[in-house]
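Engineer: I need the structure of the sequence given here:
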Amino acid sequence: MKTPRHAVLRVACVCLLLPALFLLSDVTAQEIPNKPSPTQTSSDRTAQRLAKFPGIHEFIGQMAAKHGFDRDELFATFAQVRHSKQAVQLVRPAPPSKPKNWQAYRGRFVEPVRIEAGVRFWNKHARDLARAEKQYGVPAEIIVAIIGVESIYGRHTGNFRVLDALTTLAFDYPETPNRAARMNFFRGEVEQTLLFARESGIDPLSLRGSYAGAIGWPQFMPSSIRAHGVDFDRDGKIDLRKSPTDAIGSIANFLLRHGWKRGEPIVFQAQLGAAAQSRLEALLNKGLEATFWPAELELAGVTSNVELPANIRFGLIDLQNGHEPTEYWLGTGNFFAITKYNRSYFYAMSVTELARAVRAAHNAEPEITAEATKAPSVAPNVR
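Structural biologist: Here you go, the predicted model:
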C-alpha cells in the first residue's frame, strides 16, 4: 500500500522544521534568565538592580540623614538607574602605546570646524561675552574656546543618563591604582546631582551628559554647577543644557574663582639652557601652579624670546611631541586657571591656541550681525 503523497509531504516538513525548533528552544532557554519571572515581585527586581551597586544602601541612608531626602523616594529613583558598562569601559586607562603627542592633540581642537563655529558663536552672543568679560575679566575668546573644545558649541553634550554614569562609576569603578579615590569623587558627584535636581525642581533621571557625568554646553560636573554656575540670562534658573548665556557666565565665574586675573597674559615660549636641562624635573614638578619669578627662572637657565613681566609668576610647561623635540612654555596664573577646568597642559594649551585662532578669524571678518557691532573691542590677551 502506497503512502499518500500528502502524508509524505507532512513528514518532510516536520523533518525540516525540527532543527529550527531545537535552535529556537535553545535561544529561548538562554533568554529566559534575563526576563522577569512571573512570580518575581517588583521588590525582587529592585533588589537585583541595586545589587549591581555595592554600598548604595548605605549611601541612601547618608543622603537621608545628611540632606533630608526621603529614603523610599531615593530607593525608587535608584531602582531605575541602569548600570553603564560603556562608562566603565571609557574610564579605563588607555594601554601605554605611543608617546604623548601635543601636535596631534592640538590638531583635534584647533581646526577649521571649531574656529568657524567659534566665530559664529561669538557674533551671535557678542553682548553676553562682552558682559562676562566686563564682570569677570575673562576675555571673550577664552570663553568661546572652552565651549568649542568641550562641546563644539553645544553640538556634542553627551547622551548618557548622568545618574546612570555617575552611579556606575561611584559604586563599580574598574580596578585601577586610584580606584578608591575615583569612587569617592564620583559618589560626591552623585550627591551633588541629587541636590542640584532637587534645587532645580527637575527629575535627576532626566539629566544627560558625558560618560563621566559632565553636563551641557560647558560640560560642568554637577558639583561645579552648584558651586560656580551662574544664571547669566536672569531667567531664575541655572540651565547649562539649554542656555549658552548661562554657560558663558558660568565659565567666566569658574575661571575667576580659580585664579584668573584680568589683563594678565597666558603663555610665553620658553628656552632652556644647559643648567635648566640638568634640573628639569625639579622645574617641572611644581603642580598646577605658577611658582617662579622671572629672576628665578633666569638663574635656573630658563628664558624667553621676549622680556617677561617682572611682576608675574610663571610655571614651566612641557608639551611632549612624540618622537619630535618637546616644546617648553612658561604659563602664568591664567594658564593654570584653565588647568583647573581640566587638569592637563595639553587641554589648557589647546584652549589658549583655539582662542587665539578664533580671535584672529573674528577680527579678520567684517561685522556680520547688528549684535556684533555693539560689542566693545577687546585687546587680545593670548600671546
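Engineer: shouldn't Asn305 be in contact with Gln271?
Structural biologist: Yes. Counting by C-beta atoms under 8 Å, Gln271 is a contact partner of Asn305 at 6.7 Å. Heads up, the C-betas are built off the backbone N, CA and C, glycines and all.
Engineer: Same drill for these two, tell me which one is more crowded.
Structural biologist: Gln271 (13 against 8; other C-beta atoms under 10 Å).
Engineer: Am I right that the more buried one is in a helix?
Structural biologist: No. Gln271 is assigned strand when assessed by DSSP: H, G, I helix; E, B strand; the rest coil, not a helix.
Engineer: what's the neighbour count on the nearest residue to it once chain neighbours are set aside?
Structural biologist: Nearest residue to Gln271, sequence neighbours excluded (C-beta to C-beta, 6 or more residues apart in numbering): Thr303, at 5.0 Å. Using other C-beta under 10 Å, the number of residues around Thr303 comes to 19.
Engineer: tell me the phi and psi of Thr303?
Structural biologist: phi -130, psi -180 (degrees, to the nearest 10).
Engineer: got the contact list for it?
Structural biologist: Contacts here follow C-beta atoms under 8 Å, 6 or more residues apart in numbering; on that basis Thr303 touches Ala270, Gln271, Gly273, Leu297.
Engineer: number of nearby residues for the third one?
Structural biologist: Just to be clear, that refers to Gly273. 12.
Engineer: again with the last one
Structural biologist: Counted by other C-beta under 10 Å, the residues lying close to Leu297 total 21.
Engineer: One more: Asp172?
Structural biologist: Residue neighbour count, defined by other C-beta under 10 Å, stands at 18 for Asp172.
Engineer: likewise Arg359?
Structural biologist: 24.
Engineer: Check which helix or strand it maps to.
Structural biologist: Assigned by DSSP states H and E, Arg359 falls within helix 345-364.
Engineer: For that helix, buried residues please.
Structural biologist: Using 16 or more other C-beta atoms under 10 Å as the test for burial, helix 345-364 gives 345-359, 362.
Engineer: chain center to that helix, what's the gap?
Structural biologist: Put simply, helix 345-364 sits 19 Å off its chain's centre (C-alpha atoms, centre = their mean, to the nearest Å).
Engineer: ok, now stretch 139-154?
Structural biologist: Relative to its parent chain, stretch 139-154 has a centroid offset of 13 Å by C-alpha atoms, centre = their mean.
Engineer: Equivalent analysis for stretch 279-288, please.
Structural biologist: The answer for stretch 279-288 is 27 Å, by C-alpha atoms, centre = their mean.
Engineer: What are the buried residues along it?
Structural biologist: Neighbour-count burial for stretch 279-288 flags Leu280, Leu283, Leu288 (criterion: 16+ other C-beta under 10 Å).
Engineer: What confidence value was assigned to the second one?
Structural biologist: The predicted local distance difference test score for Leu283 is 93.
Engineer: coming back round to it: closest to Val162 among the contacts of Thr303?
Structural biologist: Here the nearest of these to Val162, counting by C-beta to C-beta, is Ala270; it sits at 39.9 Å.
Engineer: first to last residue in stretch 257-266, what's the distance?
Structural biologist: End-to-end distance for stretch 257-266: 17 Å, by C-alpha to C-alpha, to the nearest Å.
Engineer: hmm, who's touching that stretch?
Structural biologist: Applying C-beta under 8 Å, 6+ apart, the external contacts of stretch 257-266 come out as 136-138, 228, 309, 312, 331-338, 340-341, 352, 381-383.
Engineer: Name the nearest residue to Phe254, ignoring sequence neighbours.
Structural biologist: Of all residues not flanking Phe254 in the chain, His228 sits nearest, at 4.3 Å (C-beta to C-beta, 6+ apart).
Engineer: That neighbour reaches Pro218, doesn't it?
Structural biologist: No. His228 is beyond contact range of Pro218, at 9.7 Å (criterion: C-beta under 8 Å).
Engineer: Between the two, point out the one with more neighbours.
Structural biologist: Shown here are His228 and Pro218; by other C-beta under 10 Å, Pro218 has more neighbours (28 against 20).
Engineer: what's around the nearest residue to the more buried one once chain neighbours are set aside, how many residues?
Structural biologist: Distances taken as C-beta to C-beta, 6+ apart place Ala247 nearest to Pro218, at 4.5 Å, with adjacent residues excluded. Residues lying near Ala247 (other C-beta under 10 Å) number 32.
Engineer: Now do the contacts for Ala247.
Structural biologist: Listed by C-beta under 8 Å, 6+ apart, the contact set of Ala247 reads Ile147, Gly216, Trp217, Pro218, Leu240.
Engineer: mind putting those in a markdown table, distance to Arg49, secondary structure and pLDDT included?
Structural biologist: Below are these laid out as a markdown table (distance: C-beta to C-beta, whole Å; DSSP: H, G, I helix; E, B strand; the rest coil; pLDDT from 0 to 100):
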| residue | distance to Arg49 | secondary structure | pLDDT |
| --- | --- | --- | --- |
| Ile147 | 36 | helix | 98 |
| Gly216 | 28 | coil | 98 |
| Trp217 | 32 | coil | 98 |
| Pro218 | 32 | coil | 98 |
| Leu240 | 29 | coil | 97 |
